[in-house]
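Colleague: Curious how this folds, go ahead:
(one chain, ligands or ions: 1)
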Amino acid sequence: MVPDTKSSDLIHRAASLLQEHWGLDGSLQRLPGENFNAAVLVDGIPKYVLKITTDPSADVDLEQAVLHRLADRGLPVPASIASIDGRFVIPVEQHPRQGVARLQAFLPGTTWRDASNSIALLHAIGSQVAHVHLALAEFDHPGADRTHQWDLSAAQQHRASIPLVGDPRGRIAIESAMHLHAAVVMPGLDGCPRGIIHGDANDENFLVDADRVVGLVDLGDCLHGALVQDLGITLAYAMQQPDASLEGIAPLVSGYHDVRPLTDAEIRLVVPIALARLATSALIGSRRMTEDPEHETWHSHAKTTLSALTRFEGTEPAAAENVLRRACSLAPTTDTPPESLLQSRHDHLGPNLSLAHGAPLHVVRGRGQYLYTAGGRPCLDLVNNVCHVGHCHPRVVEAIAHQASTLNTNTRYLHESILEYASKLAATMPEPLSVCYFVNSGSEANELALRLARAATGALDALVIDGAYHGCTPNCVAMSPYKFNGTGGDGPSDWVHVAPLPDTYRGEHRGEDAGAAYALEVADVIGTACRGGRSIAAFFAESMLSCGGQVPLPPGYLSSAIEHVRNAGGLYVADEVQVGFGRMGDAFWGFQLHDVVPDIVVLGKPIGNGHPMGAVVTTPEIASAFDNGMEFFSTFGGNPVSCACGLAVLDVIERESLQERARVLGNRFIEGFQVLQERHDCIGDVRGHGLFLGIELVEDRRTRTPAPALAARLVRRMATHGVLMSTDGPQANVIKIKPPMVLNEQDIDMTLRLVDQVLARPDDS
Ligand code: PMP
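Modeller: Prediction:
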């Protein structure tokens, strides 16, 4: 709500209040601030401040209690002046709304905003904040359990206003600050000391005289929070001074530390909190600008917040932390230089192993949907469907740790966990899929599936889909056109037959009948193979194609293709390594979207959330055909630690309703990209299911000419903005999205805004 009464009228009414309740006749001069504050001049000299608070969310009782406490402890807060009848808080009916009036002693001094930043002053301001915290320790008030729009622990609420910021560089800097807040500040606040905090220790609320703080005003925003929030807020105002460098303003932090030593966790958060405050201020300002462009005090920091954000955006969080650590005489944290890691990789790892996302990323930590670089930057991980329930999910980590410290051995003993796991896994499958084999990777699982199919059919050959990848072992490479037809590949083996990629965007068959047409192609390939004297043991098909370019199988394709395969005596192996465990949203397994029942299901990647596991699930009949006297044994497969891990993953998927989450968030992503498609001609196709998506980039929508260079540029640019994506597909022009399923709406919206901005100016560096 915008105040609807003119300033002169407000002053007039305030003057009569002053006379009525305090018996004073001074003249009034409005002061900056969100509420009505006016200096009361007696004989031309400011003596008091009349404060009229009309904000319905204000808690004046809390504010008064804190003021009294701070005054008792000798802090330079304004003394409260009682009214003629002895009250500190006077209800007022209309000013212009209902509210309360208070009178305080006027504190002389210049606002910090108007003072110049000497080292001594910065140190004094930091110390003052720490003294407030010491004075408020062991003090409490029920009203402090609240939040408001400046509450840094709720800063995410402002993210949706980012599009209101006109300046594109400013928008990027705000995105980055808010991303840092979501991924670093929010999880970090829990580990920091808490108490009642000032809540708005900005540069208009400190009164200074030369290098001393002589006043601290406006406690109207105090609330429970992490103490370091105040320090971060204060630092945000030092950052807004023109030409401020972190080294130059670090005395503010050491000033605090000298009075109340900061913990490591707090020091790590100071700069990210400061950036979040700058972003919050810029966003609240932008929103208010649309509401009331004339309201001066509402936008008092509009320019300085944005320019500080853009100046400090490039600062690595770990480097910033070390600047502050040094200022506090603490040892800096250390890090291995990337050059030495690159050299060591070169010396000791096989050379045909690439690094992802353009510039090498040195990651040191993972949590939920985020990876963290050695420099402390968070990256939203949109490519890692292995860490399915979130990087380092505590439940999974705990299950692994507990079992690893209890027992880990092979499967030639009786043990409960493998049996519990096998029965729970089998329960997710349709009948008659009920027998499990445990291995250590998707490749091993596909190898085993091939052996099972050969044993059950007596045939040798495999039928695969063009562009597919099924693993890194010799047989799996032979079944992966993505590899054998790619760089360094040896071409097809005589026992492998390739059906065309059923791509309805770029392939030969498009439109409604494409599924049936592509299934007929499968029949053709089988026919040619059989006429050549070969027989098919199995059709290996991913339930949605991944390396092939994130291609959903067209309706009707899978059921007809399988029918042709089974008619030729072959089995259907569903490779669920990429898409299984609820990722598809509408179904737990990808094949269930097509209403088919495989003979063999191959599981990997998400099964252990990063713990190396793979599994094959099949029917009792096929299992018994495989049991020809030769034992099947995998030393590590199905060990108690892996089974405990697998059970925890299933448990988390269920408890956190991750399948439903994949459905809802997948739709949000798809709809968002469809909106971008209307704006950007280069988005040729948006496709996928749940959280397994492909965005196909083209040079020209009509010709559908692939745009691999643009796709690569987008991936590189998004990585610099802290969002990890990758490309895939035969033409490397499809942006692949398959994140941990714990990402949230904010992550998706940020991604869409950044993609929008990058595609609008793809040539910017
Ligand atoms: N099948 C598919 C569909 C895959 O994507 C992969 C791995 N990318 C594999 C099998 C092989 O799994 P792993 O790397 O665990 O051996």
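Colleague: what does the stretch 501-650 of the chain put close to the ligand?
Modeller: Contact residues, the stretch 501-650 of the chain versus the ligand (CB under 6 Å from any ligand atom): Glu542, Ser546, Asp575, Val577, Gln578, Gly604. C-beta coordinates here come from the backbone N, C-alpha and C atoms, glycine included.
Colleague: one more time with 8 Å
Modeller: Residues of the stretch 501-650 of the chain lying close to the ligand by CB under 8 Å from any ligand atom are Glu542, Ser546, Cys547, Asp575, Val577, Gln578, Val602, Gly604, Lys605, Pro612, Gly614.
Colleague: Among those, which are located in strands?
Modeller: Among these, the ones falling in strands (DSSP state E) are Glu542, Asp575, Val602, Gly614.
Colleague: most neighbours, which of these?
Modeller: In terms of neighbours by other CB atoms under 10 Å, those top out with Asp575 at 32 neighbours.
Colleague: coming back round to it: for the residues of the stretch 501-650 of the chain next to the ligand, give me a markdown table that also has pLDDT and distance to His680.
Modeller: Formatted as a markdown table, these follow (pLDDT from 0 to 100; distance: CB to CB, whole Å):
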| residue | pLDDT | distance to His680 |
| --- | --- | --- |
| Glu542 | 98 | 29 |
| Ser546 | 97 | 24 |
| Cys547 | 96 | 25 |
| Asp575 | 98 | 33 |
| Val577 | 98 | 32 |
| Gln578 | 98 | 27 |
| Val602 | 98 | 37 |
| Gly604 | 98 | 35 |
| Lys605 | 98 | 31 |
| Pro612 | 98 | 39 |
| Gly614 | 98 | 39 |
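Colleague: Next, the residue lying closest to Ile622 once chain neighbours are set aside: secondary structure please.
Modeller: Spatially, and ignoring its direct neighbours in sequence, Ile622 is nearest to Ala456 (4.5 Å; CB to CB, 6 or more residues apart in numbering). Following DSSP: H, G, I helix; E, B strand; the rest coil, Ala456 is assigned to helix.
Colleague: how many other residues sit next to Ala456?
Modeller: The number of residues near Ala456, taken as other CB under 10 Å, comes to 22.
Colleague: again, but for Asp503
Modeller: As a burial measure, Asp503 scores 26 neighbours (other CB under 10 Å).
Colleague: tell me the phi and psi of it?
Modeller: Main-chain torsions, Asp503, degrees, to the nearest 10: phi -90, psi 110.
Colleague: check contacts around it.
Modeller: Applying CB atoms under 8 Å, 6 or more residues apart in numbering to Asp503 gives the contacts Gly548, Gly549, Val551.
Colleague: Neighbour count, distance to Val698 and pLDDT for the residues you listed - can I get that in a markdown table?
Modeller: Shown next, in a markdown table, are the contacts of Asp503 (neighbours: other CB atoms under 10 Å; distance: CB to CB, whole Å; pLDDT from 0 to 100):
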| residue | neighbour count | distance to Val698 | pLDDT |
| --- | --- | --- | --- |
| Gly548 | 23 | 17 | 96 |
| Gly549 | 25 | 12 | 97 |
| Val551 | 28 | 15 | 98 |
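Colleague: from those residues, which is closest to the ligand?
Modeller: Of all the contacts of Asp503, the ligand sits closest to Gly548, with 9.6 Å by CB to the nearest ligand atom.
Colleague: nearest residue to the closest one other than its sequence neighbours?
Modeller: Using CB to CB, 6+ apart, the nearest residue to Gly548 is Gly467, at 3.2 Å.
Colleague: just Ala137 next, same as before
Modeller: Using CB to CB, 6+ apart and skipping the chain neighbours, the partner closest in space to Ala137 is Gly195 (6.1 Å).
Colleague: what does Ile81 give?
Modeller: Using CB to CB, 6+ apart and skipping residues adjacent in sequence, the residue nearest Ile81 is Leu103, 4.2 Å away.
Colleague: how much space is there between that neighbour and the ligand?
Modeller: Distance of Leu103 to the ligand, computed by CB to the nearest ligand atom, to the nearest Å: 71 Å.
Colleague: And the contacts of the helix or strand that that residue is a member of?
Modeller: Here Leu103 sits within strand 99-105, counting by DSSP states H and E. With CB under 8 Å, 6+ apart as the test, strand 99-105 has contacts from 14, 17-18, 21-22, 24, 40, 47-55, 58, 60, 64, 78-81, 83, 88-92, 95.
Colleague: Okay, and which of those residues map to strands?
Modeller: Mapping these onto strands (DSSP E) picks out 40, 47-53, 80-81, 90-92.
Colleague: just these now: which is nearest the ligand?
Modeller: The ligand lies nearest to Thr53 out of the ones in strands among the contacts of strand 99-105, by CB to the nearest ligand atom, at 60.6 Å.
Colleague: can you tell me the residue of the stretch 1-150 of the chain closest to the ligand?
Modeller: Taking CB to the nearest ligand atom, the ligand has its nearest neighbour within the stretch 1-150 of the chain at Thr147, 43.9 Å off.
Colleague: cool, the stretch 251-400 of the chain as well?
Modeller: With CB to the nearest ligand atom, the shortest gap between the stretch 251-400 of the chain and the ligand falls at Val386, namely 8.4 Å.
Colleague: Number of residues surrounding the residue in the stretch 351-500 of the chain that the ligand sits nearest to?
Modeller: Here the stretch 351-500 of the chain gets closest to the ligand at one residue, Gly442, 2.4 Å apart by CB to the nearest ligand atom. By other CB under 10 Å, 27 other residues sit near Gly442.
Colleague: same deal with the one 5 residues further on?
Modeller: For Glu447, the count of nearby residues is 22 (other CB under 10 Å).
Colleague: Confirm that it sits in a strand.
Modeller: No. Assignment of Glu447 by three-state DSSP gives helix, placing it outside any strand.
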